[in-house]
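Enquirer: just the structure for this:
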Amino acid sequence: MNAEQRLGASLVTVTQPNDVISEAFRQIRTNIQFSMVDQDYKSIMITSSGAWEGKSTVTANTAAVIAQQGLRVLLVDADMRKPTVAKTFGIDTTVGLTSLLTNREANIMDTVNYVSEANLYVLAAGPIPPNPSELLGSKRMAELIAEMEDLFDLVIFDTPPILAVTDAQIVATRVDGVIVVVRAGIANKNNVRKTKELLDMVNANVIGAVYNGEESKKMGYGYGYGYGYGHNNDQEK
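Expert: Numbering: from 1, shown residues only. Okay, here's the model as predicted:
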């Protein structure tokens with residue numbers, strides 16, 4: 001188990017808002033907002049081709065910087081196989097997305113946690129189920145997403161890596177936009193290309209990619225944002 005899975009993601013945008021990494025996440029926020037000029041996205045998901053690429057760190061910090069603008073943002077841990085969101089925010093793991101999916105009497109606002117220091121609403125994955133793919137592909141999941149979109153300005157899903165399981169592909173069919181995290185030294189071109197192909201197969205709206213690089217000497221990585229691939233852009237960077 002890597003550090004992100006054991007300890008949760010590093011929430012630098014909340015703990016160190018003036019850090020250079022926090023500024024990089026604000027740039028990611030700006031670019032996401034530019035991609036929304038012609039379409040009002042209510043839900044996006046963030047994934048990666050494989051493990052160890054930092055997608056949960058990117059998801060948590062992106063949600064936090066968007067919430068800093070005063071928007072009602074809900075971060076949903078849809079990685080029900082190796083969840084990290086509850087650890088990142090120190091919230092209860094006994095209830096969460098699986099609770100809402102398996103109990104129609106459960107209420108979204110009774111299940112989410114409000115994290116005041118981040119001005120962010122957070123929905124943990126909840127108990128790990130034996131059938132994540134089936135739950136994510138259920139009619140109940142579609143109903144929940146629609147309800148979440150009514151309750152919040154933006155819903156951001158942290159999903160498993162695309163190449164590991166089908167979960168992220170399933171969620172991609174139900175959200176307005178998809179962002180893929182690509183980590184230097186971990187991801188390779190073939191896997192990134194395969195990720196794009198799998199997302200294209202389900203007609204996912206890929207709005208861009210976060211490059212998780214190695215520029216920062218202090219933290220060992222840096223962040224950049226690019227439109228390396230998407231439905232209207234086949235150029236790879």
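
Enquirer: any idea how far Ser116 is from the residue of the chain positioned farthest from its centre?
Expert: Ranked by distance from the centre of the chain (CA atoms, centre = their mean), the top residue is Glu105, with 26.2 Å. Using CB to CB, to the nearest Å, Glu105 is found at 28 Å from Ser116. For the C-beta atoms, the positions are set from N, CA and C on the backbone; glycine is no exception.

Enquirer: how about Ala125?
Expert: Counting by CB to CB, the gap from Ala125 to Ser116 is 21 Å.

Enquirer: more crowded one of these two?
Expert: Ala125 (24 against 6; other CB atoms under 10 Å).

Enquirer: how about low-confidence regions in this protein?
Expert: Residue ranges of the chain with pLDDT under 70: 1-9, 37, 214-237.

Enquirer: helices or strands next to the longest helix seen in the chain in the packing?
Expert: For the chain, the helix with the greatest residue count under DSSP state H is helix 20-35. When contacts are defined as 3 or more CB pairs under 8 Å, 6 or more residues apart in numbering; DSSP states H and E, helix 20-35 sits against helix 12-15, helix 55-67, strand 206-213, strand 222-226.

Enquirer: which residues does the nearest residue in space to Phe157 that is not next to it in sequence contact?
Expert: Closest residue in space to Phe157, ignoring its immediate chain neighbours: Met45 at 4.0 Å, by CB to CB, 6 or more residues apart in numbering. When contacts are counted by CB atoms under 8 Å, 6 or more residues apart in numbering, Met45 touches Ala78, Ile156, Phe157, Asp158, Thr159, Ala168, Val171, Ala172, Val175, Gly177, Val178, Ile179.

Enquirer: and for the closest residue to the second one other than its chain neighbours, the neighbour number?
Expert: Spelled out, that is Ile156. Excluding the flanking residues, the one nearest Ile156 by CB to CB, 6+ apart is Ala63, at 4.7 Å. Applying other CB under 10 Å, we find 30 residues neighbouring Ala63.

Enquirer: picking that back up, return the most buried member of the helices and strands packed on helix 20-35.
Expert: helix 55-67 (a mean of 27; mean count of other CB atoms under 10 Å).

Enquirer: okay, that helix in PDB with CA atoms only?
Expert: Taking C-alpha atoms only, helix 55-67 is exported to PDB below (Å, rounded to 0.1, in the frame of the first residue of the first chain):
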ATOM      1  CA  LYS A  55      -5.200  11.100  -8.900                       C
ATOM      2  CA  SER A  56      -6.600  11.200  -5.400                       C
ATOM      3  CA  THR A  57      -4.300  14.100  -4.400                       C
ATOM      4  CA  VAL A  58      -5.300  15.900  -7.600                       C
ATOM      5  CA  THR A  59      -9.000  15.300  -7.000                       C
ATOM      6  CA  ALA A  60      -9.000  16.500  -3.400                       C
ATOM      7  CA  ASN A  61      -7.000  19.600  -4.000                       C
ATOM      8  CA  THR A  62      -8.900  20.500  -7.200                       C
ATOM      9  CA  ALA A  63     -12.200  20.200  -5.300                       C
ATOM     10  CA  ALA A  64     -10.800  22.300  -2.500                       C
ATOM     11  CA  VAL A  65      -9.600  25.200  -4.700                       C
ATOM     12  CA  ILE A  66     -12.900  25.300  -6.600                       C
ATOM     13  CA  ALA A  67     -14.800  25.400  -3.200                       C
END
